[in-house]
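1. pasting the sequence and the predicted model now:
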Amino acid sequence: MLSAFKLDAMIEAVIGGDSLPQRKPDAVPLQTVIRMLGGTTESAVLIGDSTVDIACADNAGVPSIIIPSGYGMAPPQAKITATGFAGLMSVIEQL
């Protein structure tokens, strides 16, 4: 799908629900993609839209920013929330 939408050149690592035996909220998928990108949990942030994303980040010791998506779920209770992608950089800078 990334190739079909010509997004593959912009994305360096992908971990899907079927990539590993562990799935979110386990920390392993997040830790794996951080390693794939040459980062550390101390230099990473998870940007997500669900309580599962918050739990995954907490389990990995990584701060999370939630952008409520409107998938019919109640907005997750997050320490840091961004109203959308436009304001994301200013929220990251506050970390």
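-> On my side now, so go ahead.
2. which residues of the protein fall in strands?
-> Here the chain has its strands, by DSSP state E, at 46-48, 64-66.
3. mean neighbour count, those: which tops it?
-> Ranked by mean neighbour count, the strands of the chain are led by strand 64-66 with a mean of 22 (mean count of other C-beta atoms under 10 Å). (C-beta placed from N, C-alpha, C; glycine too.)
4. by contact count, what packs against it?
-> When contacts are defined as 3 or more C-beta pairs under 8 Å, 6 or more residues apart in numbering; DSSP states H and E, strand 64-66 packs onto strand 46-48, helix 51-60, helix 88-93.
5. kindly provide the whole-number mean pLDDT of stretch 43-52.
-> The pLDDT scores in stretch 43-52 average 92.
6. just the CA trace of it, in CSV.
-> Taking Å, rounded to 0.1, in the frame of the first residue of the first chain, the C-alpha atoms of stretch 43-52 are listed here in CSV:
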residue,chain,number,x,y,z
SER,A,43,15.3,9.8,22.0
ALA,A,44,11.9,8.5,20.8
VAL,A,45,8.3,9.6,21.0
LEU,A,46,5.2,7.6,20.0
ILE,A,47,2.5,9.5,18.2
GLY,A,48,-0.8,7.6,18.3
ASP,A,49,-4.5,7.7,18.6
SER,A,50,-5.6,5.1,21.1
THR,A,51,-5.3,3.8,24.7
VAL,A,52,-3.3,0.9,23.2
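7. please name the nearest non-neighbouring residue to G61.
-> Nearest residue to G61, sequence neighbours excluded (C-beta to C-beta, 6 or more residues apart in numbering): T41, at 5.1 Å.
8. that neighbour: neighbour count?
-> 17 (other C-beta atoms under 10 Å).
9. that one and A82, how far apart?
-> Using C-beta to C-beta, to the nearest Å, T41 is found at 20 Å from A82.
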